[in-house]
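Colleague: Can you look at this prediction? I've put the sequence above it.
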Amino acid sequence: MRFSCYKTTLIRLTAVLLFTIGCEESVEELDYQEKLVVFANLEAGLPLMDTVYVSYTYEINEAHESEGKWVSDADVWITGAGDTLEFLPVEGRPGRYTTSSFELIESGEEYTLNVEHDDESVSASTTVPDSFTVTSVTSDLYECDGEPVFVDTIDLHLEENSLPVILEAMMSGDYSSLAMDTVIYREGPCHTTSFASVPLFLIDWEAEEEPGMMRVISFALEDTTTNAIVDTSFTANAFKGSMWVDEDGNYYRPNPAVVNLSQDVIDFSWLLFNYYGPHLIAMQTTDHAFSDYFFGDPFRQNQWILPDSNVDGGYGLFSSVATRYFVVYIAPDTEP
């Protein structure tokens with residue numbers, strides 16, 4: 001709310017300086033209005049396993065208390081595909097709501113989130129993206145030291161590694177049952193210097209309808225300090241962020257790595273991998289509500305920017321995705 005006032009004031013001030021120097025103009029300051037904030041996300045083909053979050057806004061200069069604005073006594077429900085999913089508060093987790101329903105979210109269907117609290121109500125709708133295909137592709141468009149570099153395909157093992165098989169392996173901690181190709185994480189000027197570095201592999205995707213954007217999640221199934229890819233160079237810190245250090249002085253990075261993209265072929269470069277070992281890759285096509293919200297503040301670092309929300313009567317985001325999963329093993333480069 002303060003950003004809108006600030007922006008309006010700046011525009012008016014510019015007009016005064018350019019056209020009416022010496023004149024005075026009265027600018028009416030907008031009053032802050034507290035509103036509900038909701039966040040939820042649906043995934044096609046799965047029950048709603050994610051949480052619905054409900055809170056109230058903070059004024060821009062207001063101190064943020066860890067649990068001060070969470071709402072735990074709201075009425076929350078989602079309608080769509082002929083069903084109504086009711087949500088209940090999560091005990092001990094202020095502002096969080098889950099459902100006991102195991103109804104699968106259907107592609108192509110519109111779902112509406114409704115939240116009521118006291119005399120306020122908000123709603124938001126999303127149309128779940130359709131399924132899409134993914135394919136590993138080759139490329140000879142990259143160069144290293146002036147010489148062309150061929151990026152080969154990998155086997156995604158989509159048929160062998162169904163989501164139930166992957167989840168069973170994750171629950172047991174034994175990934176030997178998963179089929180996965182091994183790719184080498186090479187370091188040096190050609191491979192770990194920028195967004196344009198030679199990728200480890202490339203994935204093409206195709207959907208019947210244009211999604212909002214593509215979201216890629218690279219989750220290391222084994223993320224200990226012993227298998228962390230330790231790179232404290234200026235370049236790595238600039239592109240990946242500084243490495244974290246535990247109490248014993250061991251380096252590690254956050255897990256998973258997440259990027260949001262708008263391109264036909266996804267290059268899986270060094271930026272998506274922070275650990276050696278097996279990785280679960282989730283490629284998601286998002287709805288347009290997600291992309292509109294993301295482009296409103298892509299780096300999520302500007303408190304003065306209010307992202308484009310699809311929540312009617314409040315703020316936040318109600319979005320949906322379709323996902324394809326595969327597993328790949330990241331190995332260190334043993335060549336001298």
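Modeller: On my side now, so go ahead.
Colleague: For the longest strand along the chain, give the mean pLDDT please.
Modeller: When the chain is parsed with DSSP state E, its longest strand is strand 315-332. In this model, strand 315-332 has an average pLDDT of 96.
Colleague: what sits against residue 49?
Modeller: Residue 49 is in contact with residue 43, counting by C-beta atoms under 8 Å, 6 or more residues apart in numbering. (Glycine included, C-beta is placed from N, CA and C.)
Colleague: Check the spacing between it and residue 121 real quick.
Modeller: Using C-beta to C-beta, to the nearest Å, one gets 25 Å for the distance from residue 49 to residue 121.
Colleague: in its sheet, what does the longest strand of the chain sit against?
Modeller: Within its sheet, strand 315-332 is paired with strand 36-43 (parallel), strand 181-185 (parallel), strand 277-286 (antiparallel), according to DSSP bridges.
Colleague: Please pull up the helix or strand immediately following the last one.
Modeller: Same thing as strand 277-286. The helix or strand immediately downstream of strand 277-286 is helix 288-296, counting by DSSP states H and E.
Colleague: can you check the shortest one too?
Modeller: Sequence-wise, the next helix or strand downstream of strand 181-185 (DSSP H and E) is strand 201-207.
Colleague: Doesn't residue 235 belong to a helix?
Modeller: Yes: remark: residue 235 belongs to a helix, assigned using DSSP: H, G, I helix; E, B strand; the rest coil.
Colleague: What are the structural domain limits within this structure?
Modeller: 2-128+289-321, 132-288+322-332 (automatic domain parsing).
Colleague: Show me where this protein dips below the pLDDT cut-off.
Modeller: By pLDDT under 70, the weakly predicted segments of the chain are 1-30, 65-66, 296-305, 335-336.
Colleague: mind listing the helices in it by residue range?
Modeller: 2-19, 163-172, 234-240, 288-296 (DSSP state H).
Colleague: pretty sure residue 122 contacts residue 311?
Modeller: Yes: contact status for residue 122 versus residue 311: in contact at 5.3 Å, counting by C-beta atoms under 8 Å.
Colleague: With residue 228 as the reference, name the closest of the strands paired with strand 315-332.
Modeller: Of all these, strand 277-286 sits nearest to residue 228, with 10.0 Å by C-beta to C-beta.
Colleague: Let me know the angle separating that closest one from strand 201-207.
Modeller: Angle of strand 277-286 versus strand 201-207, following axes from the mean of the first three to the mean of the last three C-alpha atoms, to 10 degrees, is 30 degrees.
Colleague: tell me the angle strand 277-286 makes with helix 288-296.
Modeller: Going by the same axes, to 10 degrees, strand 277-286 makes 110 degrees with helix 288-296.
Colleague: Strand 277-286 to helix 163-172, inter-axis angle?
Modeller: Using the same axes, to 10 degrees: strand 277-286 against helix 163-172 is 140 degrees.
Colleague: Strand 277-286: which residues count as buried?
Modeller: Neighbour counts over strand 277-286 (16 or more other C-beta atoms under 10 Å) mark 277, 278, 279, 280, 281, 282, 283, 284, 285, 286 as buried.
Colleague: For it, what is the distance to the chain centroid?
Modeller: 11 Å (C-alpha atoms, centre = their mean, to the nearest Å).
Colleague: Also stretch 36-47?
Modeller: 13 Å.
Colleague: next one: stretch 313-330
Modeller: That offset, for stretch 313-330, works out to 6 Å (C-alpha atoms, centre = their mean).
Colleague: Now that stretch: buried residues?
Modeller: 314-330.
Colleague: What of stretch 180-192?
Modeller: Residues 180, 181, 183, 185, 186, 191, 192 are the ones in stretch 180-192 that count as buried (16+ other C-beta under 10 Å).
Colleague: Identify, from those residues, the entry nearest to residue 117.
Modeller: Nearest to residue 117 among the buried residues of stretch 180-192, with distances taken as C-beta to C-beta, is residue 180, at 46.2 Å.
Colleague: Isn't that closest one up against residue 327?
Modeller: Yes: applying C-beta under 8 Å, one finds residue 180 in contact with residue 327, separated by 4.4 Å.
Colleague: Now do the shared contacts for those two.
Modeller: Joint contacts of residue 180 and residue 327 (C-beta under 8 Å, 6+ apart) are 157, 161, 278.
Colleague: Look at residue 145 and say how many residues are nearby.
Modeller: A count of neighbours around residue 145, defined by other C-beta atoms under 10 Å, yields 8.
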